[in-house]
Structures are given as C-alpha cells and as structure tokens.
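I'd like to go over a predicted model; first the sequence, then the structure.
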Amino acid sequence: MKFAHFSHVWAKPGMTPHERYLQLWRELALCDALGFDYSFCVEHHFRPDESWMSSPSLYAVGAGAHTKRMRVGPMGYIVPLYHPLRLAEEIAIVDQMLGGRLELGLVPGISPDYFKPFGVDYNFRKSPTLEFVDYIRAAFGEQQPFSFHGENHRTEAAELAVRPLQKPHPPLWMMSRDPQTLAFCAKNGVNPGYFLVYPRADAAPRYRVFLDAWAKAGWPNKPKIAYCTIIYVDENDDRALEVALKRAARAYEGFLPKPKPGETFEDRVREHARKFIGRGEPGASEIMANLFDPDYLMKHDLVFIGSPETVAAKIRKTAEAGVYNVCMGEFNFSDLPEADLMRSIRLFGEKVIPALRDYEPF
C-alpha cells in the first residue's frame, strides 16, 4: 500500500492564512520524515470560511521546499479554469522545481460557484479536462514547437521554454466514480480514486471493471487507486474517539452553504440533507445526508479513528472491500489542536504504515 497526506487546507479558528500555511508545512515535514509517499491538496475558490487553497502550484512548490522525498501535487487542478497552454507551462516548471516529484491530478470541478466569477460555463467542463491529457502529451513531447487542434483546446506553434523533468510527463490522477471517466483512465494510464462520500460497496464493482480494462490496455504496472477520508490515531481507542469523533462530524462543515443570519449549524445540516433525497445515487446521497452524524460515520467505518491497531485493521478491511491501494488521510480537520494532530500523524507513520506497507489489496 501507499500512503498520502491529503489537505483541504481548511480555514482554522484563530489562525491567519499565513499561520495556517506554516502549520501545513510542519505537517508535511513530519509526514516526509515518517515515510509517507504523497501529499495532495484540493483546488477550491471563493470560500474564506472553508478552504484556503486556490493555487495547487504554490502548494506543490511550498511542500517541495519543506520535504525531501515525498511526492506532492494537486488532487487536482480544475482544468477548465485555466488556459491549457498556461497550465502546461506551470506544470512543467513545478515538476522541475520539485526535482521530478510532481504527481499531477486533474479534475473538471465540482462546484458551480467556482466557475461563475471566472466567466466559465460550468456545464462545459468534463470534455476539456479529458482532452487536456492529450494536450499535455503534445505539449511535453519532443516535437517543439508543438501544435494541438482538439475540440476544446487549440494551440499553434508554441515552444515551451521548460518541459517537465519526468518523461513523458508526471504521473496522472483523476478522482472519479463515473464509469465513462474510469474507462478513459484505464485507456490512458491515469490513476483514479474516490472520497468517503461515495460508498465503497458501490465503488468496488466499478473499480473491478476499471482494473480489467487497465490490464487489457497493457499497462506494465498496477494502477494506484486512492481512497480519501478523515484519519485520527491516538494511543488507545477511547482517547482517539474522545478527541476526534465529534470533530470528524464537523470536518466537512465547509461543504454547507454559508450560514444565513440566525441559522444554526443544525439548521444548515437539515437543509443539506434534504438536498440529497431522491438523488440518482442512493448510497452517496445517504452518506451526504449523514455526513455530520458521528454515530453514522463510525457505524459505517467512514472515518478511521482509533489506536494504531484499530486504524490499521479498518484500512485493511476497507481497502479490500473498496478496491483501493492508496490510503489518503485528511489528518487536520475542524479545530483539532496541533499537539493532537502531530501525535496522530506520528503514530500513523510509526505504527500504521509499517503494519500495512506490504499489504496488497488487489
């Protein structure tokens, strides 16, 4: 198995953005020293109460400056919000600055609110994202200047001043549960993954189809399939639950709309749950409706909280059932104190990773 530190870079009470970034670098330096394989971030916009990370490139370069071995990158760039040539240039420079440690996540974007201020059509986001895979292969190829004439992207006779250190390009990722996108990933050698809001029981059949398609495509190595959730490790189960369970149930408060005057957290949660009734994916709708219920999270093993032995057992059990071999942990959530955060990361690195390093779920 592989192990990743994942961060929304949530806004933290009592912290300025500068202080929050300094804390982030302390997290990543510790993860690097403990043998984590990756660090990933989101790209979110326009919610000062939620995520403070709208520039994955700056995250990657900052992370690289504070680590020596760990591979870092976005999960991922919201491709439709960029001019493709500008994004290709940036990716190449970041990979060179990182000494070839960039992992390249690409996503179409999930929130319409990110698109409106940029003047970009939210309904036209998937096709440009998928086509960008072909675009960067042309942009980073040996033929320079390069041209590209696609349905979404067009570039004529551009010569990149810098190309990536990794050839032909950094490893590609695309978080998705969509069967068509997974088929595209298998065909193009793109590593996929999914988040806790999609049931593992629903994901597993789709990812087994993906694995068959990957093998038929003739790729020499196994794909990496990521699963991301909240993780907290402490000396024993009781202490871990006392410190982290209620906070885990508030971890994704940023998914809720901004509060209206006089609106309580409970009011916002009820309104959030109503939105998912009758959706086409009943399993995912149920999780989203119960995302702030600590008992539901524990009953369904949607967050991994406990002693090192308990957390390792949860990962082993769910990795096989959910068909994933990269455990992406969001370790810093809600108002978790830094002392608890760093103890959790240390225990995960010292005890959980060694217990699972040789485990192969598929």
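Received it, and whenever you're ready, just let me know what you need.

Output the below-cut-off pLDDT ranges for this protein.
Scanning the chain for pLDDT under 70 picks out 278-279.

Show me where it has its strands.
2-7, 38-41, 71-74, 77-78, 104-107, 146-149, 154-158, 172-175, 191-195, 226-233, 304-306, 326-330 (DSSP state E).

closest one to residue 292 among those strands?
strand 226-233 (12.2 Å; Cβ to Cβ). C-beta here means a position set from N, CA and C on the backbone, and glycine is covered the same way.

got the angle between that closest one and strand 326-330?
Following axes from the mean of the first three to the mean of the last three Cα atoms, to 10 degrees, one obtains 50 degrees for the angle between strand 226-233 and strand 326-330.

Alpha carbons of strand 226-233, as PDB, please.
Only the C-alpha atoms of strand 226-233 are listed here, as PDB (Å, rounded to 0.1, in the frame of the first residue of the first chain):
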ATOM      1  CA  ALA A 226      -6.900   6.200  -3.900                       C
ATOM      2  CA  TYR A 227      -9.500   6.400  -1.100                       C
ATOM      3  CA  CYS A 228      -9.700   9.500   1.000                       C
ATOM      4  CA  THR A 229     -11.200  10.000   4.400                       C
ATOM      5  CA  ILE A 230     -10.600  11.500   7.900                       C
ATOM      6  CA  ILE A 231      -7.900   9.800   9.900                       C
ATOM      7  CA  TYR A 232      -7.100  10.200  13.600                       C
ATOM      8  CA  VAL A 233      -4.700   7.900  15.600                       C
END
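
can I see the domain layout of the protein?
Domains of the chain are assigned by automatic domain parsing as 2-252+301-356, 253-291.

TSV for those, including distance to residue 362 and mean neighbour count?
Output for the domains of the chain, formatted as TSV (distance: least, Cβ to Cβ, whole Å; neighbours: other Cβ atoms under 10 Å):
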stretch	distance to residue 362	mean neighbour count
domain 2-252+301-356	6	19
domain 253-291	21	14
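
sorry, back to before: of the strands of the chain, which approaches residue 98 most closely?
The nearest among the strands of the chain, by Cβ to Cβ, is strand 71-74 at 6.7 Å.

which strands and helices sit next to the closest one?
Applying 3 or more Cβ pairs under 8 Å, 6 or more residues apart in numbering; DSSP states H and E, we find strand 71-74 packed against strand 38-41, helix 56-65, strand 104-107.

Assess the claim that residue 342 and residue 31 are in contact.
No. Contact criterion Cβ atoms under 8 Å: residue 342 and residue 31 do not qualify, at 10.2 Å.

on that earlier part again, can you redo the strands of the chain as JSON lines with distance to residue 268?
Formatted as JSON lines, those follow (distance: least, Cβ to Cβ, whole Å):
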{"stretch": "strand 2-7", "distance to residue 268": "23"}
{"stretch": "strand 38-41", "distance to residue 268": "25"}
{"stretch": "strand 71-74", "distance to residue 268": "28"}
{"stretch": "strand 77-78", "distance to residue 268": "25"}
{"stretch": "strand 104-107", "distance to residue 268": "25"}
{"stretch": "strand 146-149", "distance to residue 268": "44"}
{"stretch": "strand 154-158", "distance to residue 268": "43"}
{"stretch": "strand 172-175", "distance to residue 268": "25"}
{"stretch": "strand 191-195", "distance to residue 268": "20"}
{"stretch": "strand 226-233", "distance to residue 268": "19"}
{"stretch": "strand 304-306", "distance to residue 268": "23"}
{"stretch": "strand 326-330", "distance to residue 268": "21"}
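
Before I go, just wanted to say thanks for your time.
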